[in-house]
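# quick one: sequence plus predicted model below, questions after.
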Amino acid sequence: MLTIDIKQTLVSLAVTTVLAMQLTGCGGGSSGAAAPAAGRSYYVDAQFGDDGNDGNAGAPLQTIGAGISRLAAGDTLLIRGGNYRGEGTLVISKTARPDNPVVIASQSGGVLVDSVRIESSAWVEVRGLTIVSGKNLPPEWPDMPAVMIDNSDPQYAIDPAEDWSTRAIKVDTRYHSYSTFVDPLGGTGSWEYALNSDGINVVASQHISLIGNTISLHTAGINLRNESSDILVEANTIRYCLDGVRGDKRAIDNFSYADSTIRGNYLTQTFREGIRLNQGASGNTVEDNLVENTGHSHIATWHAGGGNTIRHNVLRQGGYYAETMQWPGPSAISVHSAGPATVVDGNSIALQVDATLNDGNGVIVDNNNGAMAIIANNLIYRVMGSGISSVLSGNATLIHNTIVESGYGTTSATNGMGLRFSDTSDVDNTIANNIIVNPANGGIWFRSSTLAGQTFIDNNLYDFSGLPLVADGAVNYTTLVDWQATGNGLLAVVGSALLEDPANGLFGVQAGSATRMAATTAHSIAHDREETRRSDTPTIGAYEDTSKILAQPHRFLFGLHADSSSAEDFVAVTSDVALISQLRAELGKAASARTLFITGPIERGGLGHNKNWDWHFVPEQWGVTEMAIELCDGTPTMVDAELAYWIDTVGTFCPWDAYVKAEL
């Protein structure tokens with residue numbers, strides 16, 4: 001068996017994702033958080049503080065800037081809730097040590113600031129801030145998946161084949177608000193230029209941790225720049241930004257950011273892309289994030305430096321402003337000019353669209369020029385384009401992917417394949433152990449006469465009829481006999497994959513499926529997408545057998561029996577099948593008879609689903625019970641008021657009076 005060492009830190013389907021990460025304690029970047037040494041703690045209180053005070057708990061400072069100026073290695077700045085936006089950009093330039101980091105954190109939630117700049121720093125942590133710029137969205141701006149069209153006159157309909165020199169004016173007229181706001185046209189009055197800003201801007205710094213912050217209304221939620229490295233971006237919520245996380249560099253720099261971890265974040269309503277590995281970004285890991293409702297792609301590389309790993313992310317509903325792109329191509333994951341040794345492993349992708357019918361792929365390997373990419377263990381469901389597409393690339397390994405209903409909603413005859421290899425340079429690929437179910441236009445398509453240039457094609461399962469299993473340009477192989485006559489596909493399977501329950505998000509295979517123990521061991525991967533070790537004779541597809549949890553998270557509303565106003569209501573998310581069944585059974589009872597209450601670890605930030613509060617239950621780590629110790633009993637209001645105590649000291653929340661009110 002080919003062993004590709006792609007180790008995962010979580011063992012659940014990617015929805016545990018963003019959603020499932022516990023926040024680390026104080027410490028450094030992705031190399032691991034160090035326990036803080038006993039430094040001094042300073043306090044800031046916008047309402048009751050004074051910058052002439054000593055800064056202790058009883059005599060807090062008034063401004064965050066005054067607190068930052070006093071910090072030395074090992075010190076902590078604890079900020080009480082309040083509006084600090086009037087201070088403008090908070091500039092942090094501190095060099096600490098692994099055992100003595102500098103920590104700047106919300107003490108009790110509700111700390112509102114404009115922006116943060118960390119420059120020439122090391123071993124600094126910023127945690128729990130709410131970062132909002134003064135920008136405004138255009139009037140009547142809709143949340144995606146709705147699209148804002150200013151002029152729907154048919155004369156401004158977009159044809160992506162039209163030259164950009166004349167198409168640009170159509171884009172600007174049809175999508176004028178979006179064009180001036182996001183600026184794909186290169187103007188100077190948009191967020192990208194005159195109003196450019198970063199929620200957190202990390203410049204030429206190392207060993208930085210950005211944890212549990214909520215960021216909105218910035219050009220970039222988080223910008224990692226100018227040869228920054230070992231940055232941990234974890235459990236942040238980013239919305240209403242042009243890009244969620246991205247990199248930039250000066251002309252004198254070799255790269256934007258490197259050797260960093262972007263993990264467990266929730267990104268939504270990003271008008272261009274969720275996460276960008278660009279400007280020489282290399283050696284980074286992007287894992288367990290939930291990214292949804294993007295204008296273009298969810299995760300993209302662009303002139304990257306190679307060695308990046310994109311794994312176990314949940315990516316759904318994106319590509320809504322594809323018509324505004326100069327080169328339309330909003331695939332969920334875009335491996336564009338990525339550099340060598342890019343790994344895309346174990347991601348869950350659904351509902352990527354493209355109104356131009358040009359793309360909307362699950363994964364595209366684009367302009368990679370033979371730099372080896374590994375695309376493995378991904379679940380790709382109902383994307384408008386092809387499941388996986390290759391353009392001007394080649395030399396890729398595409399193994400153990402499960403692709404279901406690619407081309408969903410498209411009218412294109414040239415897209416909507418399971419796998420599509422577009423150019424004469426898309427050769428030398430290894431294509432094995434993939435499941436392709438009900439594609440719109442066929443299983444695998446190669447540019448004419450490039451079939452002979454592939455390295456290996458076999459042990460794939462084709463679950464559809466009436467379409468080519470494989471096409472080499474206009475030459476179609478519609479039966480297994482025809483396909484095997486080419487010398488390929490001698491161990492291919494045509495028939496039902498017997499998927500468990502796709503309508504409910506279960507994409508493993510049932511007992512008796514022809515995929516079972518039918519994969520090639522020569523081109524396999526040691527573990528499946530859920531970290532189950534594959535057998536010596538593995539199963540075709542992303543799962544070794546059955547999937548353990550649902551592909552979509554389920555949200556449950558909880559309240560307190562004693563609270564008739566619903567003021568204490570909160571939301572928790574889970575993908576655990578047994579827990580979902582247990583909660584649904586509770587909902588079948590009268591409210592007064594629902595005796596099971598929630599219990600589990602909590603962390604900072606509403607994480608997108610618990611929007612009324614500055615904390616959330618860690619998904620996949622909570623449950624319900626009838627008994628718990630009194631230490632963790634309380635109310636949501638109590639937790640919000642003393643966030644540091646509940647999260648850093650108690651760690652667990654078990655409101656005895658809570659009950660499940662509804663499934664959302």
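Sure thing, it's come through.
# please parse the chain into its domains.
Split into domains by automatic domain parsing, the chain comes to 8-135+198-255, 141-196, 554-663.
# comparing those domains, which comes out most buried?
Of all those, domain 8-135+198-255 carries the top mean neighbour count, a mean of 21, counting by mean count of other CB atoms under 10 Å. For every residue, glycine as well, the C-beta is placed using N, CA and C.
# hang on, residue 648 in a helix?
Yes. Using DSSP: H, G, I helix; E, B strand; the rest coil, the secondary structure at residue 648 is a helix.
# okay, now the unreliable bits of this protein?
1-38, 183-189, 548-552 (pLDDT under 70).
# picking up where we left off before, wait, which of the domains of the chain is closest to residue 353?
Nearest to residue 353, of all those, is domain 141-196, at 7.9 Å by CB to CB.
# measure that closest one end to end?
With CA to CA, to the nearest Å applied, domain 141-196 spans 19 Å between its terminal residues.
# what segments of this protein are helices?
64-70, 164-174, 176-182, 480-484, 577-587, 636-641, 643-644 (DSSP state H).
# ok, and what's touching the shortest one?
In this structure, residues lying in contact with helix 643-644 by CB atoms under 8 Å, 6 or more residues apart in numbering are 78, 105-109, 128, 604, 614-615.
# likewise the fourth one?
The contact list for helix 480-484 (CB under 8 Å, 6+ apart) reads 469-470, 477, 489-490, 492, 494.
# whichever of the residues you listed end up buried, select them in ChimeraX.
The buried residues among those can be selected in ChimeraX (16 or more other CB atoms under 10 Å) with this line:
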select :469,470,477,489,492,494
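# want to throw the contacts of helix 480-484 into CSV with distance to residue 620?
As requested, the contacts of helix 480-484 are exported to CSV (distance: CB to CB, whole Å):
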residue, distance to residue 620
469, 38
470, 39
477, 43
489, 39
490, 41
492, 36
494, 37
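# hey, what's residue 270 bridged with?
With DSSP bridges applied, residue 270 shows beta-bridge pairing to residue 241, residue 294.
# could you check how far it is from residue 263?
To residue 263, residue 270 is 17 Å away according to CB to CB, to the nearest Å.
# looking at these two, which one has more neighbours?
Neighbour comparison, residue 270 and residue 263: the larger count goes to residue 270, with 30 against 24 (by other CB atoms under 10 Å).
# tell me the contacts of that one?
221, 238-244, 291, 293-295.
# do that again at 10 Å, thanks
Contacts for residue 270 (CB atoms under 10 Å, 6 or more residues apart in numbering) come out as 144, 220-221, 238-246, 276, 291-298, 318.
# now, these that are in strands?
Under the assignment DSSP state E, those contribute 220-221, 238-246, 276, 291-294, 318 to strands.
# coming back round to it: would you mind giving the helices of the chain as JSON lines with distance to residue 215 added?
Listed next are those as JSON lines, based on distance: least, CB to CB, whole Å:
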{"stretch": "helix 64-70", "distance to residue 215": "16"}
{"stretch": "helix 164-174", "distance to residue 215": "28"}
{"stretch": "helix 176-182", "distance to residue 215": "17"}
{"stretch": "helix 480-484", "distance to residue 215": "50"}
{"stretch": "helix 577-587", "distance to residue 215": "30"}
{"stretch": "helix 636-641", "distance to residue 215": "19"}
{"stretch": "helix 643-644", "distance to residue 215": "18"}
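# relative to residue 396, which of the ones you listed is closest?
Nearest to residue 396 among the helices of the chain is helix 480-484 (20.9 Å), distances taken as CB to CB.
# in that closest one, what counts as buried?
For helix 480-484, the neighbour count (16+ other CB under 10 Å) marks 480, 483-484 as buried.
# send me it as PDB with only the CA atoms.
This file holds the C-alpha atoms of helix 480-484, laid out as PDB (Å, rounded to 0.1, in the frame of the first residue of the first chain):
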ATOM      1  CA  LEU A 480     -17.000  -1.500 -19.100                       C
ATOM      2  CA  VAL A 481     -16.000  -3.800 -22.000                       C
ATOM      3  CA  ASP A 482     -15.200  -0.800 -24.200                       C
ATOM      4  CA  TRP A 483     -13.200   0.800 -21.500                       C
ATOM      5  CA  GLN A 484     -11.200  -2.300 -20.600                       C
END
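# gap between the two ends of stretch 472-484?
Per CA to CA, stretch 472-484 runs 14 Å from first to last residue.
# my error: substitute stretch 655-664 in the last question.
By CA to CA, the extent of stretch 655-664 from end to end equals 20 Å.
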